[in-house]
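**Student:** make a model of this:
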Amino acid sequence: MTGARDPMNEPILAPSLLAADHAAAGESAALVAKLGLKWLHLDIMDGHFVPNLSFGPEMLAALRRAGSALFFDTHLMLSEPQRYVSAFAKAGADRITIHAEPDYDHAAALRDIRARGCRAGIAVNPGTPAEAAEPYLGLVDLVLVMTVQPGFGGQAFRDDVLPKIALVDRWRAERGLGLRIEVDGGIDRANAALCRAKGADTFVAGTSFFAARDKAGFAAAFASL
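**Tutor:** Alright, predicted model coming up:
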């Protein structure tokens, strides 16, 4: 493996709020923080790019008003993400990740994200080659490799994406890039280790995290990857 053991790429677990009790979103975010975790993953879905709806910028703003200081890792699964960059930045997003698949000016959107003080990411679905993200590597500090088709939680991890993770890791090492490689979809302790071996360093876990009886032990297992 290249790149993934560098000090800047220590493993990070980002629990996904999508899998939490939405009636107790503030309490779920507080639990994540209480465990000593730093990131919260927020899946934003529009019912067009993906066949599901989740929540909008007001959820982020409400969590901030409730006192959450977590790093808001905001994943826009939207057909026109460029239209909502401002709203999510103002609501408290720390990183905004957009998808390579829809037809819009990706580079302009990524520059806008950075201009608003947020970190930027580019995401690719399981069926999308890593090359779709390659033109934007200089504009992002994270590449999100989806390990399920986005839209619904609880899906089974797809191990056919492992070579894609390895390819992005190779680009990172060859080009001396400081970006992180994130995986999202069906992530548990076992397949997280497989992703880590290919270069992933950032792990979104929704169902597996919030359903775990021993959430502290779950978090500790990821910290030791």
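**Student:** so Gly121 sits against Leu139, correct?
**Tutor:** No. Under the criterion of C-beta atoms under 8 Å, Gly121 makes no contact with Leu139, lying 9.8 Å away. Placement of C-beta: from N, CA and C, glycine included.
**Student:** compare the two (neighbour count), which wins?
**Tutor:** For Gly121 versus Leu139, the count of surrounding residues by other C-beta atoms under 10 Å is larger for Gly121: 28 against 17.
**Student:** what separates the more buried one from Ala156, distance-wise?
**Tutor:** Per C-beta to C-beta, to the nearest Å, Gly121 is found 24 Å from Ala156.
**Student:** all helices of the chain, in order?
**Tutor:** 25-34, 57-65, 85-91, 106-115, 162-175, 189-198, 207-210, 215-223 (DSSP state H).
**Student:** so the first one versus helix 57-65, what angle?
**Tutor:** Translated: helix 25-34. Comparing the axes of helix 25-34 and helix 57-65 via axes from the mean of the first three to the mean of the last three C-alpha atoms, to 10 degrees yields an angle of 50 degrees.
**Student:** the inter-axis angle of helix 25-34 versus helix 215-223?
**Tutor:** Going by the same axes, to 10 degrees, helix 25-34 makes 60 degrees with helix 215-223.
**Student:** residues contacting the residue lying closest to Asn9 once chain neighbours are set aside?
**Tutor:** In this structure, Asn9 finds its nearest non-sequential neighbour in Asp201, 4.2 Å apart by C-beta to C-beta, 6 or more residues apart in numbering. Counting by C-beta atoms under 8 Å, 6 or more residues apart in numbering, Asp201 makes contact with Ala4, Asn9, Glu10, Pro11, Ile12, Arg180, Ile181, Glu182.
**Student:** ok, 6 Å please
**Tutor:** Contact analysis of Asp201 by C-beta atoms under 6 Å, 6 or more residues apart in numbering lists Ala4, Asn9, Pro11, Arg180, Ile181.
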